[in-house]
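Asker: The amino acid sequence is not available; the structure is as follows:
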C-alpha cells in the first residue's frame, strides 16, 4: 500500500472518531417513573391500564411528563369505567416551581374514582321464532342466566359474560343462527346509574338433515354413517354435533375432523350436516418405554393398520416387556354399527412373575361394547389357558376356562379427567361351566364405587373408594388367576408391592376367592395445579371372609392436575411393615 493511501485512511479514521464519541456520549431517554395514589382495590386495574403506554414512553424533560400524563389519563378513565366508575377525577400533582433534580421528572397522579354506578334498568327482548308460545318456558329460563341484575354495581366483565351466556344457550339448541341483534348500556353519570338493553334474534327453528362428507379417499362414506346417531328431522342440538365430532376425532382413521351445519336461516329445515375430514396414515409403528411402580421399567413396540381388507378394520398388534410381565397381543377392531355397538376380537400371550409364582397365559376372546346414557357396557367371551409354577420349579398344573362376562361402568362425575364431585360405579359378572370347555364351574362377582365430593373444588377434594369381590365355586384350584383376587400396589392397597396380598397355597402366594378393599383420601390444592394428599387404605384377600386378614396402610402424596388427568406420587407404609413404598399413577382409575 502506498504512503498516500496509508495517510488517507488514517485521516478518515481520525475524522470519524469524534462523531463516534459524540454519539456514545449522547444521553439516552429515561424510563418514566409514575407514582399513583388511588384506592388499594383499584391498584391492579390501574397498573394494567398504564402498562401498554409506559412500555413505549420516554421522559427527558417536563414537557415529556405532561405528554405522558395526557396519554395516561384516558386509559385510566376507560379502565375505571369497566368497574362502573364513570365520573372519576384524575389529576397530576405538579412539583413546586423551586423543585430541582431528577425527582421533578416523576409523574405523580391522584385518582378519585367517584361513586360506582349501579344498574337501574334491564330490558331483555327476543325476536324470531323463540317468541312462539311453545318457547315461553325457554324465554323465562334464558332470563335467569343473566348475571348483571338491577341494583348491582356495573361491571364490564359481567355485562359481557351475561350477553355471551344467553347467546350460547340460544345457539345450543333449536336456534343455530341466533345473534345478539342489539346491545346498549346507557350511562347516566349524574345519577350514577346504567340502563341496560339487549335484543336477541333467535332466527328460525333448525332441524338436522343428511350428512355431506368431504375428504374421503380410502374409506367410504358409510364409515362416517356408522358413528352418526343423528336422524334427518331431529331437532338441532349443538351437543349432538360435538358428540359426532368427538367420536370421529377419537378414531384412528382421521388426522383432522370438522363438523358443522350451514346456518342459512332461509332453509332451516333438514339443514345438511357438513363433515370435512383429513384421513390419517393407515399404518403406524410405535416404540416406547416407561416406568410403573407396579411392574417396573418397560419397553414396547406396537403396529397399527386401520384399513385391513379395505373395510376400515383396525389391527393393533404389539409386544411389551416389563420387569415383572412380558406380553404380546393382536386385536382387531371393527367399525361401530349404526346402533352404537363396537365389536372387537383379541389374541394375547402373557408371562407374569409376581412373588414366587410364574403364570403363562394364552387367551382368545371377543368383546361387544356399547353406551347407554352415561353407562358403558361390555359383553365378552374369552377362552383362556393357563400354566402355573413356582420360581423354584414346582408345577401347579394347567387350567382352562371359557368365560362369558358382562361389565358396566356408570359415570356420574363432573369432570372425567379431574373429578371433584360425583361418583363412578362399576360391576362385573363372569361365568364358566365344566359343560362348556372349562375345568371348573365358577361365577365371579365384582363391584367398585369411587365417590368424590367437595364444597370448594379449587381448594380441596375428598374421595372414597370401596371394592368388593367374590368367586362362587367349590374350590379355586382350577380357576385361572385372572378370575381370582389379589391386591397391593398403585390404585389398590398402597404400601404393599404389586399383587402382594393374596392367599397362601403350599407356601406360594396365589389369588383368593374373596376381596374387600376401602380407601379414604383428602387432597388440598396449594397453588395452581399443585396439591398435597393424605390417605389411608384398608382391605385384604381370603378364601372366606371369616379368615380375612385386614391389612392397613397410611401415606402422603403429591398431586398435579395435567391435561391427561391427575398425576399422583405417593409414599405409603403398611401398618405392620417397616419400609415405606413409592407409588406413581397417571389418570383416574375408573
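Answerer: Perfect, I can see it now. Predicted model, so just to flag it, every value in this text is computed and none were measured.

Asker: What does residue 164 show for phi and psi?
Answerer: The phi/psi pair for residue 164 (degrees, to the nearest 10) reads phi -70, psi -40.

Asker: do residue 195 as well
Answerer: Main-chain torsions, residue 195, degrees, to the nearest 10: phi -110, psi 130.

Asker: Could you measure from it over to residue 186?
Answerer: Distance check for residue 195 against residue 186: by Cβ to Cβ, to the nearest Å, it reads 4 Å. Glycine gets a C-beta too; all of them are placed from N, C-alpha and C.

Asker: same check, this time on residue 498
Answerer: Here residue 498 is placed at a distance of 68 Å from residue 186 (Cβ to Cβ).

Asker: secondary structure element for residue 401?
Answerer: For residue 401, the element it lies in under DSSP states H and E is strand 395-413.

Asker: Same question for residue 53.
Answerer: helix 43-56.

Asker: Tell me which residues of that helix come out buried.
Answerer: 45-46, 49-50, 53-54 (16 or more other Cβ atoms under 10 Å).

Asker: before we move on, what about stretch 256-265?
Answerer: Buried, per 16+ other Cβ under 10 Å, within stretch 256-265: 257, 259, 261, 263, 265.

Asker: Pull up the distance across it, start to finish.
Answerer: This stretch, stretch 256-265, spans 28 Å end to end (Cα to Cα, to the nearest Å).

Asker: still on that earlier bit, could I get the buried residues of stretch 256-265 as TSV with secondary structure and pLDDT?
Answerer: Below are those laid out as TSV (DSSP: H, G, I helix; E, B strand; the rest coil; pLDDT from 0 to 100):
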residue	secondary structure	pLDDT
257	strand	96
259	strand	96
261	strand	93
263	coil	87
265	coil	79
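
Asker: Out of the residues you listed, the closest to residue 84 would be?
Answerer: Nearest to residue 84 among the buried residues of stretch 256-265 is residue 263, at 35.5 Å by Cβ to Cβ.

Asker: surely that closest one meets residue 179?
Answerer: No. With contact defined as Cβ atoms under 8 Å, residue 263 does not reach residue 179; the gap is 9.9 Å.

Asker: ok, now which ones touch residue 376?
Answerer: 369-370, 408-409, 411 (Cβ atoms under 8 Å, 6 or more residues apart in numbering).

Asker: and those, which are buried?
Answerer: By 16+ other Cβ under 10 Å, these give 369-370, 409, 411 as buried.

Asker: would you list every one of the strands in the stretch 451-590 of the chain?
Answerer: In the stretch 451-590 of the chain, the segments counted as strands under DSSP state E, counting those that start in this stretch are 460-472, 503-505, 508-510, 514-527, 530-542, 551-562, 565-574, 581-586.

Asker: I'd like to know which of the ones you listed is closest to residue 205.
Answerer: Among those, strand 565-574 sits nearest to residue 205 (Cβ to Cβ), with 39.3 Å.

Asker: residues making contact with that closest one?
Answerer: Taking Cβ under 8 Å, 6+ apart as the rule, strand 565-574 contacts 417-418, 490, 493-496, 533, 535, 537, 551-560, 579-588.

Asker: Kindly recompute the last result at 6 Å.
Answerer: Contacting residues not belonging to strand 565-574 are listed as 417-418, 494-496, 553, 555-560, 580-588 [Cβ atoms under 6 Å, 6 or more residues apart in numbering].

Asker: Check the burial of residue 30 by counting its neighbours.
Answerer: Neighbour count for residue 30, taken as other Cβ atoms under 10 Å: 14.

Asker: Next up, the contacts around it.
Answerer: Contacts of residue 30 (Cβ under 6 Å, 6+ apart): residue 59.

Asker: What's opposite it in the beta bridge?
Answerer: residue 59 (DSSP bridges).

Asker: May I have the beta-bridge partners of residue 444?
Answerer: residue 430, residue 471.

Asker: hang on, it packs against residue 430?
Answerer: Yes. Residue 444 lies in contact with residue 430 (Cβ atoms under 6 Å); the separation is 4.2 Å.

Asker: What residues of the one helix or strand residue 225 maps to count as buried?
Answerer: Using DSSP H and E, residue 225 maps to helix 221-227. Applying a neighbour-count criterion of 16+ other Cβ under 10 Å, one finds 223-224, 226-227 buried in helix 221-227.

Asker: Looking at these, spot the one nearest residue 81.
Answerer: So of those, ranked by how close each gets to residue 81 (Cβ to Cβ), first place is residue 227, at 49.2 Å.

Asker: Is the residue lying closest to the closest one once chain neighbours are set aside in a helix, a strand, or coil?
Answerer: Excluding the flanking residues, the one nearest residue 227 by Cβ to Cβ, 6 or more residues apart in numbering is residue 247, at 4.6 Å. Assigned with DSSP: H, G, I helix; E, B strand; the rest coil, residue 247 falls in the helix class.

Asker: Tell me the pLDDT of residue 247.
Answerer: Note on residue 247: pLDDT of 91.

Asker: Distance of it relative to residue 232?
Answerer: 19 Å.

Asker: which of these two has more neighbours?
Answerer: residue 247 (18 against 14).

Asker: Residue 58: neighbour count?
Answerer: Using other Cβ under 10 Å: residue 58 sits among 12 other residues.

Asker: May I have the phi/psi pair for it?
Answerer: Torsion angles, degrees, to the nearest 10, at residue 58: phi -140, psi 140.

Asker: Repeat that for residue 358.
Answerer: According to degrees, to the nearest 10, residue 358 has phi -100, psi 130.
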